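>>> okay, predicted coordinates and the sequence, questions at the end:
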Amino acid sequence: MLARLARLADVVYAPFVAFFDDVGTTVGLGVQTVLWMVRPPYRPAQLLGALDFVGAGSTFIVALVGLFTGMAFTVSTIVGFRQFSAEGMVGGVVSLALARELAPVLAAVVVTARAGSTMASELGNMRVTEQIDAITTMGVSPVQYLVAPRVLATTLMMPLLATCFGVVGQAGAYLVAVVWQGIDPGVFFDRIEQLLEVKDLRMMIVKATVFGFVVSVVCCKKGFYASGGARGVGEATARAVVSSIVAIFALDYVLTTLMTEI
């Protein structure tokens, strides 16, 4: 009887133990990464390569998603506002939604799908082929050499990508509202000026920065501790993307709540 209860307890509590162990390992890697960012030797070549990969490599897809997001959101908003003869408000409402929610969240999701999955896959392959062990044997910290440049690059580039998403999304809103639906352009921009405030742009930048750091740490952690050969690398990559997206939406709620009260 006691043995059965012990096995039942293992089944019930094992997922919770695994979850908190995963969170603890991720936080530990994040702390190590931050400490290694400020300690020499500095590796500008690694950082520049990561900046190019995360920033320049993601700009087109982020802009494309931003364009269609702005267009789709504008169409839905116009349909609702038209019932109250308030189509002129669409410019301000779309800009507010892009700045506070859509731009930082969806830009982070796009970067996770493109750059984050690649980080997890690269580090996972290096782990299972023992390249990370070789780096450690040579007296080089793999966290400083492999993880820190990726995390720093993603943290720096995410606010710029979110801004790109917002600008292109607003251009898509202008295209739908003004060019196709005939809303007066003066009214369109006047509502943006009325509704959009500096605190909304600050929220976008803060959210994007936090998302960039968390996404890069989570993805690097999943790859850094991957095991089980090619199958293990694939599973680690999938878990990295899923965990990052869940973290983005959870942190979005927390940050929105905190920054709305400021």
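Done, it's in.
>>> gap between the residue lying closest to Gly116 once chain neighbours are set aside and Leu29?
Among residues not flanking Gly116 along the chain, Cys219 sits closest, at 3.8 Å (CB to CB, 6 or more residues apart in numbering). (Glycine included, C-beta is placed from N, CA and C.) The gap separating Cys219 from Leu29 is 11 Å, by CB to CB, to the nearest Å.
>>> the two: which is more packed in?
Set Cys219 next to Leu29 and count neighbours by other CB atoms under 10 Å: Cys219 wins out with 32 against 19.
>>> quick check: that one touching Ser244?
Yes. Cys219 is within contact range of Ser244, at 6.0 Å (criterion: CB atoms under 8 Å).
>>> what residues are shared contacts of the two?
Thr112, Gly116 (CB atoms under 8 Å, 6 or more residues apart in numbering).
>>> coming back round to it: what helix or strand does the residue nearest to Gly116 sit in?
Assessed by DSSP states H and E, Cys219 sits inside helix 198-224.
>>> and that helix, what does it pack against?
On a contact count with 3 or more CB pairs under 8 Å, 6 or more residues apart in numbering; DSSP states H and E, helix 198-224 meets helix 2-37, helix 103-111, helix 117-128, helix 148-174, helix 229-260.
>>> of these, which stretch is the most buried?
helix 103-111 (a mean of 27; mean count of other CB atoms under 10 Å).
>>> what residues does that one touch?
Helix 103-111 is contacted from outside by 54, 58, 61-62, 65-66, 69, 154, 158, 161-166, 169, 203-204, 207-208, 211-212, 215, 245, 248-249, 252, using CB under 8 Å, 6+ apart.
>>> centre of the chain to it, how far?
5 Å (CA atoms, centre = their mean, to the nearest Å).
>>> please apply the same query to stretch 154-170.
11 Å.
>>> one more: stretch 140-151?
Worked out by CA atoms, centre = their mean, stretch 140-151 lies 19 Å from the chain centre.
>>> measure stretch 35-48 end to end?
Across stretch 35-48, the terminal residues are separated by 19 Å (CA to CA, to the nearest Å).
>>> which other residues reach it?
Ser141, Val143, Gln144, Tyr145, Val147, Ala148, Pro149, Val151, Leu152, Ala153.
>>> repeat that for stretch 56-64.
Ala107, Val110, Val111, Arg114, Ala115, Met157, Leu161, Cys164, Phe165, Val168.
>>> what about 6 Å?
Ala107, Val110, Val111, Arg114, Ala115, Leu161, Cys164, Phe165, Val168 (CB atoms under 6 Å, 6 or more residues apart in numbering).
>>> export these as a markdown table, with columns for distance to Met259.
Converted to a markdown table, those look like this (distance: CB to CB, whole Å):
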| residue | distance to Met259 |
| --- | --- |
| Ala107 | 17 |
| Val110 | 22 |
| Val111 | 21 |
| Arg114 | 27 |
| Ala115 | 25 |
| Leu161 | 20 |
| Cys164 | 21 |
| Phe165 | 19 |
| Val168 | 24 |
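>>> can I get these in TSV including distance to Ala18 and pLDDT?
Shown next, in TSV, are the contacts of stretch 56-64 (distance: CB to CB, whole Å; pLDDT from 0 to 100):
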residue	distance to Ala18	pLDDT
Ala107	30	97
Val110	29	97
Val111	27	96
Arg114	28	93
Ala115	26	95
Leu161	32	97
Cys164	37	97
Phe165	34	97
Val168	40	97
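>>> from the centroid of this protein, which residue is nearest?
When CA atoms, centre = their mean is applied to the chain, the residue found nearest the centroid is Ala108 (2.6 Å).
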